[in-house]
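Trainee: quick one, what's the 3D model for this:
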Amino acid sequence: MFSNKKMKPSIIDYSLQQKTMNSWIHQADAIIIGAGAGLSTAAGLTYDGEVFHEHFSDFIEKYHFTDMYSAGFYPFASLEEYWGYWSRHIYYNRYETHTNSTYDDLFQLVKDKDYFVITTNVDHQFQLHGFDKQRLFYTQGDYGLFQCSMRCHEKTYDNERAIRAMIHAQKDMKIPSDLIPYCPICGAP
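Mentor: Here you go, the predicted structure:
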């Protein structure tokens, strides 16, 4: 019944699953894609490792951060330092990202279909790879947009210019006070 022989790990052949999925996509009238952080991770976008150490070494040294995700919850003492961290976080995860085959392959599968994407990803990868903005629902927002923290109104504001200015003017992990973004309606951060 039991053997002392070492069992070889089984190798899963995904070709049948791929053929089945491709058939379903081809036959579908419409496709809904649900995507979370795993898709961006599969595409090589990570919040730790070499990229984190390269761009956040000063924050790592001072606060002993282990990754960008957990660092995002840190209660910084000032808005200048808060935006020093977040401007880098946004810049490297939204404006300095590049196209990759994972999102491109997904787009190629659905581009000629009636598709809709529901995602928690905030890194703009869907739009960067050709997905129609009108067919995307970002449940957690988009790193490329500012919105009033008090939600006094629903409008969002493109932040690329502001983020690039923060990156350029940053010193000692802080941005100048005059670059802190405030709501143009109520004045809240």
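Trainee: roughly how far apart are the residue most central in space within the chain and Ala43?
Mentor: The residue lying closest to the centre of the chain (C-alpha atoms, centre = their mean) is Asp123, at 2.8 Å. Using C-beta to C-beta, to the nearest Å, we find Asp123 at a distance of 9 Å from Ala43. (Glycine included, C-beta is placed from N, CA and C.)
Trainee: for Ile25, same thing?
Mentor: 19 Å.
Trainee: neighbour count winner among those two?
Mentor: Shown here are Ile25 and Ala43; by other C-beta atoms under 10 Å, Ala43 has more neighbours (22 against 13).
Trainee: got the residue ranges for the strands in the chain?
Mentor: 30-35, 114-119, 136-138, 145-146, 157-158 (DSSP state E).
Trainee: list of residues touching the second one?
Mentor: Surrounding strand 114-119, the residues in contact under the criterion C-beta atoms under 8 Å, 6 or more residues apart in numbering are 29-36, 39, 126, 131, 135-139.
Trainee: mind listing the strands it pairs with, and their directions?
Mentor: Sheet pairing of strand 114-119 (DSSP bridges) gives strand 30-35 (parallel), strand 136-138 (parallel).
Trainee: kindly report the same for the last one.
Mentor: Applying DSSP bridges, strand 157-158 is found paired with strand 145-146 (antiparallel).
Trainee: and the partner strand, how far out from the chain middle?
Mentor: Counting by C-alpha atoms, centre = their mean, to the nearest Å, strand 145-146 is centred 14 Å from the centre of its parent chain.
Trainee: ok, stretch 131-141 next?
Mentor: Per C-alpha atoms, centre = their mean, the centroid offset for stretch 131-141 relative to its chain is 12 Å.
Trainee: quick thing: my sequence starts at 43, can you match it?
Mentor: Understood, numbering begins at 43; the last thing we discussed is stretch 173-183.
Trainee: ends of it, how far apart?
Mentor: Stretch 173-183 has an end-to-end distance of 16 Å (C-alpha to C-alpha, to the nearest Å).
Trainee: pLDDT on that stretch, on average?
Mentor: Mean per-residue pLDDT for stretch 173-183: 95.
Trainee: give me the contacts around it.
Mentor: Phe149, Tyr157, Phe158, Val159, Ile160, Thr161, Thr162, Asn163, Val164, Phe168, Gln169, Gln189.
Trainee: repeat that with 10 Å
Mentor: 75-78, 145, 148-149, 152-153, 156-169, 184, 187, 189, 198 (C-beta atoms under 10 Å, 6 or more residues apart in numbering).
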